[in-house]
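>>> pasting a predicted model and its sequence here:
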Amino acid sequence: MASPSLDVLLKGNSSRNVRGLLRIIILCTIAAAAVSSRLFSVIRFESIIHEFDPWFNFRATKYLVQHGFYKFWDWFDDRTWHPLGRVTGGTLYPGLMVTSGVIYHVLRFLTIPVDIRNICVLLAPGFSGLTALAMYLLTNEMSSSPSAGLLAAVFMGITPGYISRSVAGSYDNEAIAIFLLVFTFYLWIKAVKNGSIMWGTLAALFYGYMVSAWGGYVFITNLIPLHVFVLLCMGRYTSRVYISYTTWYALGTLASMQIPFVGFLPIRNSDHMSALGVFGLLQLVAFADFVRGFVPGKQFQKLLTAMILIVFGFALLGLVLLTVSGVIAPWSGRFYSLWDTGYAKVHIPIIASVSEHQPTAWPAFFFDLNFLIWLFPAGVYLCFRQLKDEHVFVVIYAVLSSYFAGVMVRLMLTLTPVVCVAAALAVSHILDTYLVASKPSEASETKPTADNNQSGLRSTRNPVVGVYSYLSKFFISAMMIVYLLLFVSHCTWVTSNAYSSPSVVLASRMPDGSQHIIDDYREAYYWLRQNTPANAKIMSWWDYGYQIGGMADRPTLVDNNTWNNTHIATVGKAMSSREEVSYPILRQHDVDYVLVVFGGLLGYSGDDINKFLWMVRIAEGIWPDEVKERDYFTARGEYRVDDEATPTMRNSLMYKMSYYNFNSLFGGGQAVDRVRGARLPAEGPQLTTVEEAFTSENWIIRIYKVKDLDNFGRDHSSAVAFDKGHKKKRATKKKGPRVLRTE
Amino acid sequence: MRLFAAAAVVCGLLLPSSVVCAESDLSSTRVQLPNDFTPPQVFKNLNLLRNTNLEKGYVRETVDVVVENVDDKPQREYYLPFPADVFGKIGGLEVRDKKSPEKGRFDAEAIETDSSNDINYYVVQFPDALAPSSQITLRISYSVLSSLSPLPATIHQSEQQYLAYTFSAYALSAYPVDNQKTKLKLPSVNVPDYTTTTGLKSGQDPERQGSVYTYGPYETAKVAPGTQYPVTVRYEFTKPVLTAHLLERDIEVSHWGGNLATEERYWLRNNGSQLEKQFSRLEWTVSTYQGFPTSALRELTFPLKPGSVDPYFTDDIGNVSTSRFRPGKVPNRDGSLELRPRFPIFGGWNYSFRIGWNNDLSLFLRKAIGSSGTYILKVPFIEGPKNPEGIQYEKVVVRVILPEGARNVQWETINGATSNGLPSLSQIHSELNDHKTFMDTLGRTALTLTIENLSDEARSSELLISYDYTLWDGLRKPVTITAGLFTVFVALWFVGSLDVSIKKR
């Protein structure tokens, strides 16, 4: 097949160079594919920051770029959580912002003044290109096959499970954290393999970077010790493990403690205790190993048992004592919700109210990983077959992350890398088997056929179709190629349809097929930014806090950094109570404007009425006597907004603000809420303490101004009634039915 | 750079006076006057006709006056008085000889006086001194910005808007006036209130003719100069009163790309009546549907030069999707960029945004004849929206970014026979500085021109800039980049070939 000219390229010394070059070209192409498949939203919409959290990160980055690093470190933000404020510099993971800040300044230095917004938007795609490269390196450590690494890089580059968090504009911590995760694992494997301090140190450094970038670093903090622990249990203690782990732990812990938000957590928080425990255990094992060289076997056994018992006893006692005395923080709520999926719903509604904290639905696995998900077990099985130290790592990683991915949608992200590794191992194994394997020599083949000749069917007597035939090779490789092609088209489809919407801007199609952009969010935010006083306090449900801070540049009461449950509950209470109850709350918190999201006109389902029950639940958690979830359901337990809605529901501020004036839009007819498919009561709600200040074009955002106290000292309802010309209702005397006077 | 600037100064001095050298600071030429200054009474105004045009969102006045020298010496300094509160709002003042407008504009300078003075002056220099008892007819035109006040100050969303304008029935003059008349052109016939004067003339005053109101003629030979008789007109103006309190306009010349990039940043405000209550989307939807006139800004139309491409319309938080662009056609069909702000802009509301587009440079730049490296750039001074209600700019900063290494920069505005809406050159503050951007070593030469009080009358004005630019200037950037990359590669090679291993050899 191969022409002589190709032979020159593919064999011998020059072939190594050619293959190396090819490899580099392929890797660059993969990186380019990874970047470009994330640009759908930029091409379709514009270079814009997506969703909710990224708006905060973007705002923080702008602050960093404007005011410098030290100001950023000490940043106290008085424009959020009014009137509490937030010690932002000390309560965030600065890695992301610092990364883009550094890129910004490097480009400035090279006199390429790129706008900080574009850097932020394109950071995630850029880093996903790097992730693909890191994946190549990691997988190459697992397999000797030349194709495994490249396949893993491709998978990682375009798999929707990762794209979901790293499209252009999704400027979130995960954008750089997944790269750091994979790269830290690569360095760790390298360290374990070589027993080298250098690799251990590098792993620690990247671990430190990871800590500065994402709260998910705890995953590494627990996975690496677990790896070491399993290795110890398998009796695989070597000096390589000792050197790499101690180096990583000591330096990595120090590095992680440099982040103010993490601070002393690594030695005080239960989440981090396993790393410390394994560190201690490793010392003991090393000591035992050392002692074994001097003590005879029998005595050593006894010594070992005694030592293990004593040390474990002390360690356990110490841990319990420290936990009880409060030096070591107990497990956090988020942690419990990892083990018990129902925990959050009962105890911390605010965690449960976030959609990405819900348990994963089964189709999501296939949706996000396509054929990788069924290759995944095969890949893990292949790891078992070899089971070197690094394969143990993959196995542990696979087990842990598949559990976590099942518990929380969000953790699908940590599962994706290991799925890519395992699937790449499996695919490369299949390809190697069928493409590279050559026919064994005739001699070995004839022998069994001779035996077979005696018995069996005629068709099996002389098998023409064997594993080594071209037909089977062709069949299997064609099948694999079809799967790979399907994977690519699936990834493209998912990325383009599911993960590329900025969610700030909504797209719809006009009847003629042209794109129509619904830009209500920005319309309203920009109105706030331009036409309200710079210090007007905006109250909204916490989902919109970051966006208001970022786009409208106005102080908010609560935002997506849900650190103060009580404050959020206060807002929830104000939204879910009657006006007379809410108004004092609004006054107490200096609220000037209230912003609600209403999708009833357009059929936009992510609106506040649909989120309303969470407000009620969270408020009920703090004021169980005043707010009751049951009151918002009809007697039959239905959540309704139409004629049958409960009085509590219809009197709540949220309901009133959502549907205020909505009736008049329908002329004489009955108003229809298109989200809930409900026909609204004929008479719309009346507002007395707030007045409509702005409603966006499609009514998605409605902003209400909180009225000032009445000039005559009346309460607002009577003031409004007076303005309307209603007479003050006197306590009329009870009259009986009129009777005809007959005398 | 300093050297070039100095050279530019020298060149500037050698050129005719209408060409202004970019570096010279002209504000120092203003004259300081004593507090109780009164202009020497050397002139007499025989006849004065004032045309006040109120059709737009600002006041445009044209005063035709026949001036006679009553002194016995030839005179050339004519003083134009303005009340102190109006003085700072005068824009685009231009004085010409009405009989021969092609002679160009006369130089008019603002005179600094003590701020406590209630009358301030512009002084107009006649190019040729006016001989005793000879006459000249002056045409003085200017606009008065932000002098229309909405009355009532707050209206309901769908109500009609009324503006009030207060002025003096006697035109303010530093000299005695024999006869005078004021013609008011109003935008509509709906004029609910206007002052009727008593005792100024016989018969009805003012006289109405459709939407034109005429005050006068008055015989005011006996009236002392400076006498005022306040008059107010209140008329319907259900259109936005657009004011840009700042317009920044960047024009960037790229020789390599053959491109002229323009970007304009507006800080708009509607100075009309504010909303009495809050904004109601419902009413707005209904009135838009029915096409009622409104005092809110719905849409802006920017005519762009033929051949303009790649327009964009963004604001602080990203792209605004509600815009339409109809490309023009070279040579003479203008393109049109129609913008709809994110929300309607009612009285008292603000909206800031930026727009930009590209043009083929060859339509605006050419090499000077007979020179090796002198280029002449001709661009519109301002473009801006074109609409019946007009727009006023409180401050305009035009920055022309020339290629890196351009020097010997001179500029002038083109003065034709008619007004170009710009004030005289002494009112334009110019500055030359460096603008460092994409991979510049020296920084690009940027000419910044600042004008206060401008109106959309200046749309037709054009700016001429000449500068020197050699081949080497054009090659500087590629050479620098090549050298930089080369250095990096050499450094990498050097570092890579160092052996820092601690192994035994």
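Structure received.
>>> I figured A:F393 hits A:V228, correct?
No. Using C-beta atoms under 8 Å, A:F393 is not in contact with A:V228, being 9.6 Å away. In short, each C-beta sits where N, CA and C put it, glycine included.
>>> and the residue of chain A closest to chain B?
Here the residue of chain A nearest chain B is A:T695; by C-beta to the nearest C-beta that distance is 3.6 Å.
>>> might you report the residue contacts of that residue?
For A:T695, the contacting residues are A:701-703, B:279-282, by C-beta atoms under 8 Å, 6 or more residues apart in numbering or on different chains.
>>> B:Y375 now?
Neighbour list for B:Y375: B:365-368, B:406, B:466-469 [criterion: C-beta under 8 Å, 6+ apart].
>>> show me what it bridges to in the sheet.
Beta-bridge pairing for B:Y375 (DSSP bridges): B:K367, B:Y467.
>>> and the residue of the stretch 201-350 of chain B closest to chain A?
Residue of the stretch 201-350 of chain B nearest chain A, by C-beta to the nearest C-beta: B:R281 (3.6 Å).
>>> next one: the helix or strand harbouring A:L413 to chain centre, how far?
Using DSSP states H and E, A:L413 falls within helix A:412-431. Offset of helix A:412-431 from its chain centre (C-alpha atoms, centre = their mean, to the nearest Å): 20 Å.
>>> repeat that for stretch B:152-162.
Stretch B:152-162 sits 29 Å away from the centroid of its parent chain (C-alpha atoms, centre = their mean).
>>> in it, what's buried?
B:155, B:157-158, B:160-162 (16 or more other C-beta atoms under 10 Å in any protein chain shown).
>>> with stretch A:502-517 instead?
By neighbour count on 16+ other C-beta under 10 Å, the buried set for stretch A:502-517 is A:502, A:504-506, A:517.
>>> how long is it end to end?
12 Å (C-alpha to C-alpha, to the nearest Å).
>>> next: stretch A:595-604.
From start residue to end residue, stretch A:595-604 stretches across 16 Å - C-alpha to C-alpha.
>>> does it reach chain B?
No. Using C-beta under 8 Å from any C-beta of the partner chain, stretch A:595-604 stays clear of chain B, coming no nearer than 10.1 Å.
>>> any residues touching that stretch, and which ones?
A:506, A:518, A:524, A:528, A:538-541, A:544, A:548, A:605-610, A:654, A:657-659, A:662, A:665, A:672-676, A:698-704.
>>> filter these down to the buried ones.
Using 16+ other C-beta under 10 Å as the burial test, the contacts of stretch A:595-604 include A:506, A:518, A:524, A:528, A:538-541, A:544, A:548, A:607-609, A:654, A:657-659, A:662, A:665, A:673, A:675-676, A:698-704 as buried.
>>> could you list which of these belong to helices?
Per DSSP state H, helices hold the following members of the buried ones among the contacts of stretch A:595-604: A:524, A:528, A:608-609, A:654, A:657-659.
>>> now stretch B:475-488: buried residues?
In stretch B:475-488, counting by 16+ other C-beta under 10 Å, buried: B:476-477, B:480.
>>> centre of the chain to that stretch, how far?
With C-alpha atoms, centre = their mean as the basis, stretch B:475-488 stands 42 Å off its chain's centre.
>>> same deal with stretch A:119-134?
The answer for stretch A:119-134 is 16 Å, by C-alpha atoms, centre = their mean.
>>> right, is that stretch up against chain B?
No. Applying C-beta under 8 Å from any C-beta, one finds stretch A:119-134 separated from chain B by no less than 10.4 Å.
>>> for the record, mean pLDDT for that stretch?
Stretch A:119-134 carries an average pLDDT of 94.
>>> could you do stretch B:64-77 as well?
90.
>>> contacting residues around that stretch?
B:40-49, B:51, B:78, B:98, B:123-140, B:173, B:175.
>>> now a ChimeraX select for only the buried ones of these.
A single ChimeraX command selects the buried members of the contacts of stretch B:64-77 (16+ other C-beta under 10 Å):
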select /B:42,43,44,45,46,47,48,49,51,78,123,124,126,130,136,138,139,140,173,175
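>>> from the contacts of stretch B:64-77, which land in helices?
With helices taken from DSSP H, there is no overlap with the contacts of stretch B:64-77.
>>> out of the contacts of stretch B:64-77, list just those in strands.
Secondary structure assignment by DSSP state E places B:43-49, B:51, B:78, B:123-130, B:135-140 of the contacts of stretch B:64-77 in strands.
>>> which of the buried residues of stretch B:475-488 fall in strands?
Counting by DSSP E, none of the members of those fall within strands.
>>> so which of the residues you listed are also by chain A?
Near chain A, by the rule C-beta under 8 Å from any C-beta, you find none of the buried residues of stretch B:475-488.
>>> now, which of these sits nearest A:K298?
Taking C-beta to C-beta as the measure, B:T480 is the one of the buried residues of stretch B:475-488 closest to A:K298, at 78.4 Å.
>>> flag every residue of chain B that's near chain A.
Counting by C-beta under 8 Å from any C-beta, chain B sits next to chain A at B:277-282, B:285, B:315-322, B:342-343, B:348-352, B:436-441.
>>> tell me the SS of residue 492?
Assuming you mean chain A. Taking DSSP: H, G, I helix; E, B strand; the rest coil as the rule, one finds A:T492 in the helix state.
>>> for the residue lying closest to it once chain neighbours are set aside, give me its contacts.
Spatial nearest neighbour of A:T492, chain neighbours left out: A:S37 (6.7 Å); criterion: C-beta to C-beta, 6 or more residues apart in numbering or on different chains. A:S37 sits next to A:157-158, A:163, A:491-492, A:495 when contact means C-beta under 8 Å, 6+ apart.
>>> then A:V327?
Residues counted as contacts of A:V327 (C-beta under 8 Å, 6+ apart) are A:R268.
>>> rerun at 10 Å
Neighbouring residues of A:V327 by C-beta atoms under 10 Å, 6 or more residues apart in numbering or on different chains: A:264, A:267-268, A:321.
>>> assumed it was part of a strand.
No. Judged by three-state DSSP, A:V327 forms no part of a strand; its state is coil.
>>> distance from stretch B:386-402 to the middle of the chain?
The chain centre lies 6 Å from the centre of stretch B:386-402; the measure is C-alpha atoms, centre = their mean.
>>> go on, stretch B:67-79?
Its chain's C-alpha centre and that of stretch B:67-79 lie 31 Å apart, by C-alpha atoms, centre = their mean.
>>> okay, it in PDB with CA atoms only?
In PDB, the C-alpha atoms belonging to stretch B:67-79 read as follows (Å, rounded to 0.1, in the frame of the first residue of the first chain):
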ATOM      1  CA  VAL B  67     -24.400 100.000  10.300                       C
ATOM      2  CA  GLU B  68     -23.200 103.500   9.700                       C
ATOM      3  CA  ASN B  69     -20.000 105.000  11.000                       C
ATOM      4  CA  VAL B  70     -20.900 108.200  12.800                       C
ATOM      5  CA  ASP B  71     -17.400 108.900  14.100                       C
ATOM      6  CA  ASP B  72     -15.000 111.100  12.200                       C
ATOM      7  CA  LYS B  73     -12.400 108.400  11.900                       C
ATOM      8  CA  PRO B  74     -12.500 105.100  10.100                       C
ATOM      9  CA  GLN B  75     -13.600 102.300  12.500                       C
ATOM     10  CA  ARG B  76     -13.200  98.600  12.400                       C
ATOM     11  CA  GLU B  77     -14.300  97.200  15.800                       C
ATOM     12  CA  TYR B  78     -18.000  96.500  16.100                       C
ATOM     13  CA  TYR B  79     -19.300  95.300  19.500                       C
END
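>>> isn't A:A153 right up against A:S128?
No. Judged on C-beta atoms under 10 Å, A:A153 makes no contact with A:S128 at a distance of 11.0 Å.
>>> more neighbours, these two?
A:A153 (30 against 27; other C-beta atoms under 10 Å in any protein chain shown).
>>> do you know the pLDDT at the more buried one?
Looking at A:A153, the pLDDT reads 95.
>>> next: B:L49.
pLDDT for B:L49: 94.
>>> buried ones among the contacts of B:Y375?
B:365, B:406, B:466-469.
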